[in-house]
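Undergrad: here are the coordinates; sequence isn't available:
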């Protein structure tokens, strides 16, 4: 099999080989090349020790010397180069207590999580597939390298990654791997919230977000999302959510809002904070949950009022979210018309400001805010009223 490596990856491998070492592209990038997907990043494994890699290349970063990883910089690009290694005992269900560098590629591939991620490639030796990764790709199967219980016992996050990879690739989890996954789901309690968040996000944003159901029937949700697990079991929302997630755009806040909707706004935000999501995502998802059931209406004034109430950033997302479970085509058409005409849907778009009211003689304070609010409501109902002349005249009458 001939795979196309980027020129800089070829260069790194060639330079290592010219210095007497073995080197291969390895892991997810090899898997993605075989599947015809564009790899997100390129990892290289080598028989060279970290200090030897540092001597060979002019620009490097000490990414993780203790675990054999050096980042090689070529131009504006960076590539992780890691020494063949054997992992020591995993005492915390996440990290090896020590690693031993090896001169054997087979030892390095043997420690990896799934067969489809345990293949290596260079142009001289071609594809190195010692554990049936190619066959599993052809069968669309996620299978652990060696004993699944051992792999999950080493790193509990692999339990969640199995479901995530199946969602991203549209694969099924092999029976033995799934059996171990179910039996060992409780060990996910040892994994940090940040790691859980990353995998959950990738799962929800994948091409098959409905695979999120697997978190519940395997017992994973009971460990990483206990509040949602209990709520969904009681509400019967799960199957509906799976259909809606598939219809929704691949936007993080929106898919999280659909997924967490049964919790309500406050509890959904608490769950996202517990999982260490960033504040912007939490706020957007929380607001989308709040407006999930809001009836937008099917006339221009109602759509303008809804947009003003939700905010210019959230309203279009709320429309897309509601589109996954009901017909909002009329509201969508009206919203496009409102945007094309540049109609006012926020106070900052009004042709009058607090300074204008002060210039009329109105004293700073609560009265200005009340006046602006009243004028804004008028403009929402009658967009043609959004002229400085009209609004100043109205303000003068109120002041009189």
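TA: Received the coordinates, thanks. Here the structure is a predicted model, which means the values were calculated and not measured.
Undergrad: Buried residues, the helix or strand hosting residue 264. List them.
TA: Secondary structure assignment for residue 264, by DSSP states H and E: helix 264-274. For helix 264-274, burial by neighbour count (16 or more other C-beta atoms under 10 Å) applies to 265, 267, 268, 269, 271, 272. (Each C-beta comes from the backbone N, C-alpha and C, glycine too.)
Undergrad: Export those residues as CSV, with columns for pLDDT and distance to residue 363.
TA: Below are these laid out as CSV (pLDDT from 0 to 100; distance: C-beta to C-beta, whole Å):
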residue, pLDDT, distance to residue 363
265, 96, 37
267, 95, 43
268, 96, 42
269, 97, 39
271, 97, 46
272, 98, 43
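Undergrad: how about the helix or strand of the chain with the lowest mean pLDDT: buried residues?
TA: One helix or strand of the chain scores below all others by mean pLDDT, DSSP states H and E: helix 226-235, with a mean of 79. Neighbour-count burial for helix 226-235, counted by 16+ other C-beta under 10 Å, picks out 227, 228, 229, 231, 232.
Undergrad: What are the structural domain limits within this protein?
TA: 1-136, 300-341, 348-399 (automatic domain parsing).
Undergrad: can you give me the strands for this protein?
TA: 23-26, 43-46, 60-64, 69-74, 77-83, 85-87, 99-101, 119-122, 126-129, 141-142, 172-173 (DSSP state E).
Undergrad: Pick the most buried one from the ones you listed.
TA: strand 23-26 (a mean of 26; mean count of other C-beta atoms under 10 Å).
Undergrad: Given that one, what are its sheet partners and their directions?
TA: For strand 23-26, the pairing partners within the sheet under DSSP bridges are strand 43-46 (antiparallel), strand 119-122 (antiparallel).
Undergrad: between these, which one is nearest to residue 167?
TA: strand 119-122 (20.8 Å; C-beta to C-beta).
Undergrad: I'd like the average pLDDT over the closest one.
TA: Mean per-residue pLDDT for strand 119-122: 97.
Undergrad: Need the residues that contact it.
TA: 3, 5, 13, 17, 23-27, 30-31, 33-34, 45, 105, 109, 127-129, 133-134 (C-beta atoms under 8 Å, 6 or more residues apart in numbering).
Undergrad: Could you check how far it is from the centre of its chain?
TA: Distance of strand 119-122 from the chain centroid (C-alpha atoms, centre = their mean, to the nearest Å) equals 28 Å.
Undergrad: and what of stretch 123-143?
TA: On C-alpha atoms, centre = their mean, the centre of stretch 123-143 falls 27 Å from the chain's centre.
Undergrad: what does stretch 310-317 give?
TA: Once both centres are worked out by C-alpha atoms, centre = their mean, stretch 310-317 turns out to sit 21 Å from its chain's centre.
Undergrad: Span of that stretch from start to end?
TA: 10 Å (C-alpha to C-alpha, to the nearest Å).
Undergrad: Any buried residues in it, and which?
TA: Within stretch 310-317, the residues scored as buried using 16+ other C-beta under 10 Å are 310, 314, 315, 317.
Undergrad: What of stretch 294-308?
TA: So stretch 294-308, judged by 16+ other C-beta under 10 Å, has buried residues 296, 300, 303, 304, 305, 306, 307, 308.
Undergrad: Thank you kindly, that will do.
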